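> Requesting a structural model of the entry that follows:
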Amino acid sequence: MDAASTLRKVRALRLPDAQPCVPDTTPPTMMEVRPETLVIDERYQRNLSERSLRLIRKIVEGWDWRAFKPPVVVQVNDELHVVDGQHTAIAAATHPQIEQIPVMVVAATEMADRAIAFVKHNRDRITATPTQLHYALIEAGDEDAVTISLVCEQVGVRVLKNPAASTSFAPGETVAVKTMHGIMNRRYRIGLRKVLEVCANAKLAPVSQAAMLAVESLLFADEFSGEYEPEDITTTLRASFHDLSREGKAFAAQHKLPQWRGLAVAIGRKTRRRRRGSRAAS
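Predicted coordinates for the structure are as follows:
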């Protein structure tokens, strides 16, 4: 099936194990409303956390109708109550340039029906994974995503778009997109490339979050910087990565540290250090 498959092709696949139900609810309708007139029922909606406020601020600052999803609402007497999309609704009500928004009205007259609708909208969905978002950002021309993609291509690392739970990784494959973004933010493009080169040359399968962060620490952290050559770290990793992982996990558990910290210690113990004279001269 190609990337431009139509729903007609998808429908032809059918689902042999699925038993379609007979819908006992009516289809939704669309209408335009002033966002400040919408009501959020706190009896079953989520309270606004600091994370929610950050999301609302982000929507307001980057409002884009192309990314807009109509909130789902229900009619309660003379009011429209939001059952899904409260962050969008609040952002629209906050935004001084947004006077009206489309909403999708569903039938749910009883409180229990509205709560059920809320649960289904928030449970029966698949959130895009970081790797799927990464590829979407590449297509959108996002500078950071494109840079990471180019660095990966240069050093022989491949980001898996849709890995299955049973995926058996090949050398150089990874799903640790967020980790690469973090390393690039801290070490810039050249630093990310150095870290990924070590992992790729060591034939790690997968190139994991712990491995990336451990290598980053050994190359750049103040406590290690200048002590180890990338080639020597690569040699250590290729020789006994599984043993190092086991030792690193044990050390991390014993000292209540993140696994990558334990792995960095384990790698450092087995890797040749630069002589003090050569370090001082460099």
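> Check which helix or strand A239 maps to.
helix 230-255 (DSSP states H and E).
> now that helix: mean pLDDT?
For helix 230-255, mean pLDDT rounds to 96.
> Next: stretch 149-166.
For stretch 149-166, mean pLDDT rounds to 90.
> Same question for stretch 135-143.
Throughout stretch 135-143, pLDDT has a mean value of 85.
> And it, end to end?
End-to-end span of stretch 135-143 (CA to CA, to the nearest Å): 12 Å.
> And it, what's buried?
Buried residues in stretch 135-143, counted by 16 or more other CB atoms under 10 Å: 135, 137-138. Heads up, the C-betas are built off the backbone N, CA and C, glycines and all.
> Beyond the helix holding A239, next helix or strand please.
Sequence order places helix 259-270 as the next helix or strand after helix 230-255, per DSSP H and E.
> what angle separates that next one from helix 230-255?
On the basis of axes from the mean of the first three to the mean of the last three CA atoms, to 10 degrees, helix 259-270 is oriented at 120 degrees to helix 230-255.
> What is the burial count for H242?
By other CB atoms under 10 Å, 7 other residues sit near H242.
> do the same with Q19
So Q19, with other CB under 10 Å, has 5 neighbours.
> State the distance from it to T236.
Separation of Q19 from T236 (CB to CB, to the nearest Å) stands at 55 Å.
> Check D64 too.
Separation of D64 from T236 (CB to CB): 47 Å.
> Mind listing what's buried along stretch 184-201?
In stretch 184-201, counting by 16+ other CB under 10 Å, buried: 184, 187, 191-201.
> How many residues are close by the closest residue to Q86 other than its chain neighbours?
Leaving aside its sequence neighbours, Q86 sits nearest to I40 (CB to CB, 6 or more residues apart in numbering; 5.2 Å). I40: 16 surrounding residues under other CB under 10 Å.
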